[in-house]
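> mind folding the following:
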Amino acid sequence: MLWRILDTGRAGAAANMAIDEAILLAHSRSDVPPTLRFYGWNPSAVSLGYFQQAREAIDLEACRKQGIDVVRRLTGGRAVLHDAELTYSIVIREDVPCIPSTITASYRYFSNVVLAGLDKLGVSAQMSIPRSAYAKTNRKEQVSSAACFDSPSGYEIIYEGRKLVGSAQVRKHGVILQHGSILLDFSPEKLAAVLKFSSSLKRSKMVSVLSNHVISIREILERKVTGEEMRAAMLAAFCSTIGVDNQRGDLTAEERLVSQQLVEKKYGNPAWNYKR
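Got it, this is the predicted structure:
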């Protein structure tokens, strides 16, 4: 199948989310082929899940002081701190025969491709089984948070029980958008610092929880892995696993225009980002 491959580099939070939606809209009109996009974040940013309460989930003042962007995603789930990571997004029609029809099955399908990319780097990760990852954890010892990475959902990617990749999916206009964060490095202190807690003790406990439940590529391989190295491994996996054509592309003029409009009216607008 012919896919368009995009590498849009690092951008601000509003632009990154606007580009993903602009691609979805263009593909829904059949203006562009299925698209695999890789990107990063500059400055670092917190993305809120679509249904999250912004002021209850994160410390907006702490984000402001640290120069961390805040944006609301089109997809659900919990807050993600986008820092030292490679982000991928997949946009494809939901009626394509090779794509499983249900959300859960298609999520698992794409997670298997990400697993294949990690394997090319020498990372033998696994897929979490729904509800089993922390089934034996003492509930009294748990500290819950608004963060996506404090525990894995079903069919997310883990390494020795610790979360490595967080992904989310939405379907609109007959099109699937799935995007996810592959942690190249991770600081539990930095994530805990932007989450909302009722006390410093709970924040401190969350640092410990995150240290035990989250892992990065750097920790696994004991070396720094660049975004370019990770991107090459992921692209090779997409090409070999689901037949993605290795043809590099670019955003169309219309996609650029729509993404700029979405930044102004939506993702760069407090009315959208803090509406809950």
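
> surely R37 and W3 touch.
No - assessed by Cβ atoms under 8 Å, R37 is found out of contact with W3, at 10.3 Å. From N, CA and C alone the C-beta is placed, and that goes for glycine too.

> pass me the low-pLDDT residue ranges in this protein, would you?
Applying pLDDT under 70 to the chain flags residues 131-154, 245-246.

> now name the helix or strand holding the most centrally placed residue in it.
By Cα atoms, centre = their mean, the chain has its centre lying nearest to G180, at 2.6 Å. Using DSSP states H and E, the element containing G180 is strand 175-183.

> and the helix or strand just after that strand, what's buried?
Using DSSP H and E, the helix or strand that follows strand 175-183 towards the C-terminus is helix 188-194. Neighbour-count burial for helix 188-194 flags 188, 190-194 (criterion: 16 or more other Cβ atoms under 10 Å).

> run a quick neighbour tally on F51.
Other residues near F51 number 11, with proximity taken as other Cβ atoms under 10 Å.

> that one - that's part of a strand, no?
No - counting by DSSP: H, G, I helix; E, B strand; the rest coil, F51 falls outside a strand, being coil.

> contacts only, for it.
Neighbouring residues of F51 by Cβ atoms under 8 Å, 6 or more residues apart in numbering: 76, 276.

> what distance do you get for it to G77?
According to Cβ to Cβ, to the nearest Å, F51 and G77 sit 9 Å apart.

> same check on R4?
Using Cβ to Cβ, we find R4 at a distance of 26 Å from G77.

> same check on I92?
20 Å.

> which one of the two has more residues nearby?
Higher neighbour count among I92 and G77: I92, with 23 against 19, using other Cβ under 10 Å.

> residues in contact with that one?
Shown in contact with I92 (Cβ under 8 Å, 6+ apart): 27, 34-35, 99, 175-176.

> between these, which is nearest K266?
The nearest member of the contacts of I92 to K266, counting by Cβ to Cβ, is V175 at 17.4 Å.

> please look at that closest one and E94 and confirm they touch.
Yes - between V175 and E94 there is a contact at 6.5 Å, judged by Cβ under 8 Å.

> hmm, back to that, mind putting the buried residues of helix 188-194 in TSV, distance to I157 included?
Below are the buried residues of helix 188-194 laid out as TSV (distance: Cβ to Cβ, whole Å):
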residue	distance to I157
P188	18
K190	21
L191	18
A192	22
A193	25
V194	23
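
> buried residues, stretch 5-17. List them.
So for stretch 5-17, counting by 16+ other Cβ under 10 Å, buried means 5-8, 11-17.

> list the helices and strands the top helix by length along the chain packs on?
Longest helix of the chain, by residue count under DSSP state H: helix 103-120. Contacts defined by 3 or more Cβ pairs under 8 Å, 6 or more residues apart in numbering; DSSP states H and E place helix 103-120 against strand 126-127, strand 157-159, strand 162-172, strand 175-183, helix 227-242.

> any idea which of these is most buried?
strand 175-183 (a mean of 23; mean count of other Cβ atoms under 10 Å).

> that strand pairs with which strands?
Strand 175-183 has the following strand partners under DSSP bridges: strand 85-93 (antiparallel), strand 162-172 (antiparallel).

> reformat the ones you listed as a markdown table; add distance to V209.
As requested, the strands paired with strand 175-183 are arranged in a markdown table below (distance: least, Cβ to Cβ, whole Å):
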| stretch | distance to V209 |
| --- | --- |
| strand 85-93 | 20 |
| strand 162-172 | 11 |
